[in-house]
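Any chance you could fold what I've pasted below:
(one chain, ligands or ions: 1)
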Amino acid sequence: MSKSVIEANAFHNEEAAYAWVESHVWPDGPICPHCGGTERIGKMGGNATRIGLHKCYQCRKQFTVKVGTVFESSHVPMRFWVQAMYLLCSSKKGISSNQLHRTLGVTLKTAWFMSHRLREAMRIVGVEPMGGAGEVVEADETFIGRQAGQPKRRAGWGHKNAVLTLVERGGRARSFHVDSTTVADIAPIVRANVAKETALMTDEARQYLEVGTEFASHESVNHGREEYVRGDVHTNTIEGFFSIFKRGMKGVYQHCGEQHLHRYLAEFDFRYNTRISLGYNDAMRSETALKGIVGKRLMYRRPDEAQVS
Ligand SMILES: [Zn+2]
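Numbers count the residues shown, from 1 in each chain. Sure thing, here's the model as predicted:
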C-alpha cells in the first residue's frame, strides 16, 4: 500500500519541513535576504542551532527561509505551516480557523493569523491580462455578507458587499471586492484585466455596455427575461464559480469581516485556478501556494511576535 499523503515527512519532521519549503523558495540554492548574495552561504549545524538557520559569509548575517515570506516572524513550527497549507489547499471550500485550531493544536488566534497569511500567499501578483484571441471571458457580480454598520434588511443588495469576478472559460478566475456595481467601479477592472482580443460575455447589465465595445466581441444574455443560454452565450462558468464560493463562505467562513473579503476571494480564485481539470492535484496545489509565500511578509505581523526567526 502506498503511503498516505499526511504520512509525508514534511508534515511531522521539522527538518524535512524546512527542506521542503527551501526546495521551493530556493530552487537554485539559498539566497541571502540581507544582501542578495548566493555565494558562500553556509548551513548552521549543531544541536544548539535553530533548524534551517543559514549564514551568509558575504554580509556575515544569519537567516532562515522564513525571512521575506509570509512565515516571517512567526514562532509557528514549519511543519505546522506545511500542514496548514495542505489542508487549505486540499479542501474544496477551504478550512475555517476553528478547524485549523483543532486539527493543528495551535491557539485559535494563531490559526487565524496562519490562515490569513496563507491566503496572502495564494493571492495573485501582477496583472497579466486574461483571455486573448479566441478566448471567452465571462464577467458577473455577486453579493455577499452584510456591510459593517448596515442593518439587516429583508430584500435588496444595497447593504451587502459586492464582488466582481472575471472567469476565462476553461481557465482562470479573478475576483474583486468592489465598492459598488456601477460602471465607475466595474469598467476599469474589466479594462485592466481582460485582453482586448477576448470575447466578453456578461448578463444584460448596463455597466458592461460601454466597456464591452472595447473587446473583440461582447454578448450578453438577459437574465431579467429568464434567458440564460443562447448558443454559446452564457455566464454559466461564472455561476459555477459563485456557487462554490457562496457555499464555502456560508459553510466554512461564517464570520468573514468585510476588510478580509478580498483575501477569501484570493483563496477561492487560487483553488479554482489550480483545480483538477487544469491538471493539478492537492500536492501540486500546495507547492504552487508555497511559491506565493515570498515577498508578502508585511501583511499580517502580530504585535506580540519577535522580529527574528
Ligand atoms: Zn548576505
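
now stretch 243-260, how far from the centre of its chain.
14 Å (CA atoms, centre = their mean, to the nearest Å).

Can I get that stretch in CSV? Just the C-alpha atoms.
The C-alpha trace of stretch 243-260 is given here as CSV (Å, rounded to 0.1, in the frame of the first residue of the first chain):
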residue,chain,number,x,y,z
SER,A,243,-21.8,28.7,-6.3
ILE,A,244,-18.6,27.1,-4.8
PHE,A,245,-17.6,30.5,-3.3
LYS,A,246,-21.0,31.0,-1.7
ARG,A,247,-21.3,27.5,-0.3
GLY,A,248,-17.8,27.9,1.1
MET,A,249,-18.4,31.3,2.7
LYS,A,250,-21.6,30.1,4.2
GLY,A,251,-20.4,26.8,5.5
VAL,A,252,-16.9,27.5,6.5
TYR,A,253,-16.3,31.2,6.9
GLN,A,254,-19.4,32.4,8.6
HIS,A,255,-17.8,35.4,10.1
CYS,A,256,-15.8,37.0,7.4
GLY,A,257,-15.1,40.6,8.1
GLU,A,258,-15.6,42.9,5.2
GLN,A,259,-11.9,44.0,5.4
HIS,A,260,-10.8,40.4,4.8
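
Okay, buried residues for it please.
244-246, 248-249, 252-253, 258 (16 or more other CB atoms under 10 Å). Glycine gets a C-beta too; all of them are placed from N, C-alpha and C.

Ok, stretch 226-242 next?
233-235, 237-238, 241-242.

Let me see the contact set for the residue in the stretch 151-300 of the chain that the ion sits nearest to.
Taking CB to the ion, the ion has its nearest neighbour within the stretch 151-300 of the chain at V294, 16.8 Å off. Contact partners of V294, counting by CB atoms under 8 Å, 6 or more residues apart in numbering, are 25, 68-69.

which of those has the most neighbours?
For these, counting by other CB atoms under 10 Å, the largest number of neighbours falls to T69: 23 neighbours.

Quick check: that one vs R271, distance?
20 Å (CB to CB, to the nearest Å).

for A8, same thing?
Distance from A8 to R271, by CB to CB: 20 Å.

and if you look at H260?
17 Å.

Next: V125.
17 Å.

Neighbour count: those two, which is higher?
For V125 versus R271, neighbours defined as other CB under 10 Å are more numerous around R271 (24 against 8).

The more buried one: what secondary structure?
Under DSSP: H, G, I helix; E, B strand; the rest coil, the three-state class of R271 is helix.

give me every residue that touches it.
By CB under 8 Å, 6+ apart, the neighbours of R271 are 89, 92, 94, 122, 285.

By neighbours, which of these wins?
Among the contacts of R271, the one with the most neighbours (other CB under 10 Å) is C89, at 26 neighbours.

Quick check, that residue in contact with M284.
No - with contact defined as CB atoms under 8 Å, C89 does not reach M284; the gap is 9.1 Å.

Next step: the contacts of R271 restricted to helices.
89, 122, 285 (DSSP state H).

What confidence value was assigned to the last one?
As summarised for this prediction, R285 has a pLDDT of 91.

what sits up against the helix or strand hosting H101?
H101 belongs to helix 97-104 when assigned by DSSP states H and E. Helix 97-104 is contacted by residues 80, 83-84, 87-88, 106-108, 110-112, 114-115, 252 when judged by CB under 8 Å, 6+ apart.

where does the chain have low pLDDT?
1-2, 126-127, 146-159, 255-256, 295-309 (pLDDT under 70).

and C35, how many neighbours?
12.

for H75, that is, sorry about that
H75: 11 neighbours (other CB under 10 Å).

I'd like the distance between it and the ion.
24 Å (CB to the ion, to the nearest Å).

Centroid-nearest residue for this protein?
In the chain, the residue lying closest to the centroid (CA atoms, centre = their mean) is M122, at 2.9 Å.

is it true that that residue touches A289?
Yes - between M122 and A289 there is a contact at 5.4 Å, judged by CB under 8 Å.

Identify the contacts common to those two.
With CB under 8 Å, 6+ apart as the test, M122 and A289 both reach 88, 270.

what's the spacing between the closest residue to R169 other than its chain neighbours and the ion?
Spatial nearest neighbour of R169, excluding adjacent residues (CB to CB, 6 or more residues apart in numbering): V136 at 4.2 Å. To the ion, V136 is 48 Å away according to CB to the ion.

Identify the bridge partners of V136.
Assessed by DSSP bridges, V136 has beta-bridge partners A199.

list the contacts for it?
Counted by CB under 8 Å, 6+ apart, V136 has contacts 168-169, 198-201, 232.

Which of the residues you listed ranks first by neighbour count?
M201 (27 neighbours).
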